[in-house]
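Q: predicted model, plus sequence, below.
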Amino acid sequence: MAAGSNSQYHATAKPSKSLPFSLKKTNLYTLALVLFLCTLSYLFGLWRQGGAATLSATNRVVSTIPCKPTTTEAAATLDFSSHHVADDGGVTLASEVKTYPPCSANFSDYTPCEDPKRSLRFNRHQLIYRERHCPEKDERVKCRVPAPHGYKNPFSWPSSRDFAWYANVPYKHLTVEKAVQNWIRYEDDRFRFPGGGTMFPNGADAYIDDIGKLINLKDGSIRTAIDTGCGVASWGAYLLSRNILTMSFAPRDTHEAQVQFALERGVPALIGILASKRLPYPSRAFDMAHCSRCLIPWAEFEGLYLIEVDRVLRPGGYWILSGPPINWKKHWRGWERTKEDLKAEQTKIENVAKSLCWEKLVEKDDIAIWQKPINHLNCKVNRKFPKSPPLCPAQDPDRAWYTNMETCLTNLPKVSSNDEVAGEQLQRWPERLNAIPPRISRGTVEGVTAEDFERDSQLWKRRVAYYKTVNNQLGQAGRYRNILDMNAYLGGFAAALVDDPVWVMNAVPAQAKINTLGVIYERGLIGTYQDWCEAMSTYPRTYDLIHADALFTLYQGRCEMEDILLEMDRILRPEGSVIFRDDVDVLVKIKRITDGLNWDSLVVDHEDGPHQREKLLFAVKSYWTAPDQENESKAS
């Protein structure tokens with residue numbers, strides 16, 4: 001085939017042997033040029049992979065994700081174990097990493113949205129000033145909150161139920177104020193929690209036994225509970241051994257950190273108060289609600305607070321009250337109140353309960369128990385107080401993030417007969433965990449079917465098994481106790497850990513497309529709503545392990561990534577761990593910031609292999625504390 005021939009080219013055609021010399025020479029030059037450029041490109045790629053980052057001996061991840069991502073075998077180089085325990089009394093160039101300095105020592109208990117100084121700006125009526133009030137953008141701190149000097153990893157569960165290191169929560173006021181009530185004692189370098197309480201001097205276990213004689217706590221029908229004004233959460237702590245999971249909450253104290261003591265003990269708790277906003281839980285969440293001298297004015301504000309308890313209480317659920325005014329004939333002198341005052345208060349509470357159609361089951365000694373009806377069929381017809389409170393107009397009873405409480409009775413799902421449970425009868429624990437939640441089977445969770453639920457459950461069993469191969473500490477009892485899932489969806493991560501001695505706070509972001517927190521509670525798990533552009537209502541060093549699945553993809557463009565990561569640093573314990581799941585490009589950005597937080601981290605392949613864009617970033621927060629101020633003052 002001669003040059004310039006009009007013959008059509010064919011893929012299998014062979015060139016003529018009589019090619020001109022000039023064409024052969026041109027092809028050789030072209031080939032050499034291509035080879036040179038390929039070699040240059042290859043060497044440039046190697047330089048980008050290996051020369052653009054400086055690896056330290058303790059951190060094995062480069063600033064950009066390599067073509068072949070880090071495998072799980074490399075996870076052995078990341079130290080997940082704790083070191084400052086009961087027995088013991090940068091990957092990128094510095095110019096590329098923004099560092100975050102330590103906050104001053106007086107920030108060790110910093111709770112941004114419950115700051116006592118900021119709260120003074122707000123209305124004291126109805127305790128509004130003690131609700132969440134988060135700092136404005138220009139008020140946010142960009143530093144790392146320190147642990148107190150001498151901080152140690154908490155005792156392992158179940159020892160932590162009874163002991164906490166004094167250095168971790170260095171406040172002795174309660175040991176004096178509550179000395180006769182057996183709440184807490186200071187012994188040498190630690191606190192001891194005997195399990196006592198104002199209304200249970202014989203201990204929380206004996207008090208729970210007394211409740212168990214009045215309602216059944218053993219058959220699995222009661223799994224989730226809420227303790228209002230929980231103190232150091234001894235009631236919730238001792239219910240855990242009975243497979244009852246309690247959400248304990250109390251306001252941030254101006255003098256003592258009672259909720260912080262609860263969290264040090266390894267007991268689920270949040271900072272919170274009944275004031276003007278709904279509690280951050282869905283409707284029909286809890287099987288049992290409890291108040292032991294919680295000092296909440298239940299009959300005031302047209303019964304607003306009992307109405308809110310009714311919203312979060314499951315049909316057929318129980319409300320337990322001990323302390324004023326119950327058994328006032330015996331205690332009125334000790335309470336320093338008149339008989340008439342206490343009798344009038346109890347009468348008001350009884351009337352509010354009746355207006356909610358609650359039935360008073362029993363009042364024995366210091367304990368009174370009411371039961372919510374299983375449906376509102378008869379309630380609408382037979383209420384003696386039909387206008388107080390009225391039934392709520394059309395509303396979303398699960399909406400509970402900065403949502404005002406209302407003095408109206410929350411409607412229950414419709415039923416067709418008197419013996420039908422509104423919203424469907426839940427199975428008993430533990431069958432409840434894996435049964436199809438009624439909100440899904442009834443089609444009230446948009447876009448989620450029973451098949452989706454089953455797939456999600458199996459998916460998370462596989463994922464958690466994979467996590468444990470990367471972080472071998474996750475499968476070891478005692479290393480982790482308090483766990484947070486920042487984007488919980490259906491609670492599959494928590495469900496997969498149910499046989500481990502841990503508890504999981506399942507957060508459903510306020511920005512999530514689907515509100516699934518009600519599903520999580522129907523599974524017998526606990527959780528809260530949360531906007532991660534704001535701080536969480538908890539103390540620093542709450543969680544031993546944090547799980548963040550696609551969280552930063554959800555919050556892209558909503559707020560600064562560094563603010564969310566600084567909040568994670570605040571609520572994570574020293575030597576605590578984090579598991580991020582997200583797109584590889586998102587993880588690169590996360591890693592750059594966690595380097596600046598001085599976390600040790602490792603990128604790991606997806607459980608389905610290296611060809612998935614979604615990767616995992618495992619990280620461990622370094623151990624550091626505030627300086628020893630006493631020695632510093634002596635030196636100066």
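A: Arrived safely, thanks for sending.

Q: I'd say residue 265 and residue 240 touch.
A: No - taking contacts as Cβ atoms under 8 Å, residue 265 lies outside contact range of residue 240: 10.3 Å. Heads up, the C-betas are built off the backbone N, CA and C, glycines and all.

Q: quick one: common contacting residues for the two?
A: By Cβ atoms under 8 Å, 6 or more residues apart in numbering, residue 265 and residue 240 have these common neighbours: residue 161.

Q: who does the helix or strand encompassing residue 569 touch, helix- and strand-wise?
A: Using DSSP states H and E, residue 569 sits in helix 561-571. On a contact count with 3 or more Cβ pairs under 8 Å, 6 or more residues apart in numbering; DSSP states H and E, helix 561-571 meets strand 543-549, helix 551-554, helix 584-596.

Q: quickly compare these and say which is most buried.
A: strand 543-549 (a mean of 24; mean count of other Cβ atoms under 10 Å).

Q: and the angle from that strand to helix 584-596?
A: If you take axes from the mean of the first three to the mean of the last three Cα atoms, to 10 degrees, strand 543-549 sits at 150 degrees to helix 584-596.

Q: how far does strand 543-549 sit from the chain's center?
A: Here strand 543-549 is found 8 Å from its chain centre; the criterion is Cα atoms, centre = their mean, to the nearest Å.

Q: low-confidence regions, this structure specifically.
A: 1-76, 85-96, 174-181, 254-256, 382-387, 630-636 (pLDDT under 70).

Q: re the thing from before, how far out from the middle of the chain is the helix holding residue 569?
A: 14 Å.

Q: what are the contacting residues of it?
A: Here helix 561-571 has contacts from 98, 100, 110, 140-145, 484, 486, 532-533, 535-536, 538-543, 546, 548, 551-552, 555, 578, 589-590, 593-594, 597, 599, 621, using Cβ under 8 Å, 6+ apart.

Q: go with 6 Å
A: Here helix 561-571 makes contact (Cβ atoms under 6 Å, 6 or more residues apart in numbering) with 144, 145, 532, 535, 536, 538, 540, 542, 543, 546, 593, 597.

Q: what's the nearest residue to residue 192 if we skip its chain neighbours?
A: residue 185 (4.7 Å; Cβ to Cβ, 6 or more residues apart in numbering).

Q: got it, and residue 495?
A: The nearest residue in space to residue 495 (Cβ to Cβ, 6+ apart) is residue 433, at 5.7 Å.

Q: these two touch, right, the one you found and residue 524?
A: Yes - between residue 433 and residue 524 a contact is recorded at 5.4 Å, counting by Cβ atoms under 6 Å.

Q: ok, those two, which is more surrounded?
A: Neighbours per residue, other Cβ atoms under 10 Å: of residue 433 and residue 524, the larger number sits with residue 524, 28 against 18.

Q: ok, residue 456 - contacts?
A: Residue 456 neighbours (Cβ under 6 Å, 6+ apart): 490, 492.

Q: start and end of stretch 151-163, how far apart?
A: By Cα to Cα, to the nearest Å, the extent of stretch 151-163 from end to end equals 14 Å.

Q: would you mind getting the angle between the helix or strand where residue 458 lies and strand 543-549?
A: Using DSSP H and E, the element containing residue 458 is helix 450-470. Taking the same axes, to 10 degrees, helix 450-470 and strand 543-549 form an angle of 130 degrees between their directions.

Q: quick one: buried residues of helix 450-470?
A: Under the neighbour-count criterion of 16 or more other Cβ atoms under 10 Å, helix 450-470 has 453, 456, 457, 460, 463, 464, 466, 467, 468, 470 buried.

Q: SS state for residue 504?
A: strand (DSSP: H, G, I helix; E, B strand; the rest coil).

Q: need the three-state assignment for the closest residue to it other than its chain neighbours.
A: If the residues on either side of it in the chain are set aside, residue 504 comes closest to residue 494, at 3.6 Å by Cβ to Cβ, 6+ apart. At residue 494 the chain is in helix, as set by three-state DSSP.

Q: OK, contacts around residue 494?
A: 504, 506, 525.

Q: ok, 8 Å please
A: Per Cβ under 8 Å, 6+ apart, neighbours of residue 494: 483, 485, 488, 504, 506, 520, 525.

Q: just to revisit the earlier point, neighbour count for residue 265 and residue 240, which is higher?
A: When residue 265 and residue 240 are compared for neighbours, residue 265 comes out ahead with 28 against 18, by other Cβ under 10 Å.

Q: for that one, give its distance to residue 481.
A: According to Cβ to Cβ, to the nearest Å, residue 265 stands 9 Å off from residue 481.

Q: list residues touching both of these two?
A: In contact with both residue 265 and residue 481: 154, 160, using Cβ under 8 Å, 6+ apart.

Q: residue 351: which element?
A: Applying DSSP H and E, one finds residue 351 within helix 339-355.

Q: quick one: buried residues of the helix or strand that that helix is followed by?
A: Later in the chain than helix 339-355, the nearest helix or strand by DSSP H and E is strand 359-364. Of the residues in strand 359-364, those buried by neighbour count under the rule 16+ other Cβ under 10 Å are residue 363.

Q: just the CA trace of strand 359-364, in PDB.
A: Output in PDB follows, covering the C-alpha atoms of strand 359-364 (Å, rounded to 0.1, in the frame of the first residue of the first chain):
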ATOM      1  CA  GLU A 359     -55.000   5.700  85.100                       C
ATOM      2  CA  LYS A 360     -53.500   5.800  88.600                       C
ATOM      3  CA  LEU A 361     -52.500   2.200  89.200                       C
ATOM      4  CA  VAL A 362     -51.100   2.400  92.700                       C
ATOM      5  CA  GLU A 363     -49.700   4.600  95.400                       C
ATOM      6  CA  LYS A 364     -47.700   2.600  97.900                       C
END
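
Q: ok, and what's touching the helix holding residue 351?
A: By Cβ under 8 Å, 6+ apart, helix 339-355 touches 298-299, 303, 306-307, 319, 321, 324-326, 328-329, 332, 335, 360, 370, 383-385, 388-389, 409.

Q: among these, which ones are in strands?
A: Among the contacts of helix 339-355, DSSP state E puts 319, 321, 360, 370 in strands.

Q: nearest to residue 475 among those?
A: residue 319 (38.9 Å; Cβ to Cβ).

Q: excluding sequence neighbours, find me the nearest residue to residue 478.
A: That would be residue 156: by Cβ to Cβ, 6+ apart, it lies 3.6 Å from residue 478.

Q: quick one: the one you found and residue 82, what's the gap?
A: In terms of Cβ to Cβ, residue 156 sits 10 Å off from residue 82.

Q: more neighbours, those two?
A: residue 82 (24 against 17).

Q: contact partners for the more buried one?
A: Applying Cβ under 8 Å, 6+ apart, the residues near residue 82 are 153, 473, 479, 575.

Q: in a markdown table: those, plus distance to residue 512.
A: What follows is these, written out as a markdown table (distance: Cβ to Cβ, whole Å):
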| residue | distance to residue 512 |
| --- | --- |
| 153 | 32 |
| 473 | 29 |
| 479 | 30 |
| 575 | 30 |
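
Q: out of these, what pair is the most spread apart?
A: Farthest apart among those - using Cβ to Cβ - are 153 and 473, which lie 11.8 Å from each other.

Q: comparing the two, which shows the higher neighbour count?
A: residue 153 (22 against 17).

Q: distance of the more buried one relative to residue 623?
A: 9 Å.

Q: which residues do these two both contact?
A: Common neighbours of residue 153 and residue 623 (Cβ under 8 Å, 6+ apart) are 83, 84, 574, 575.
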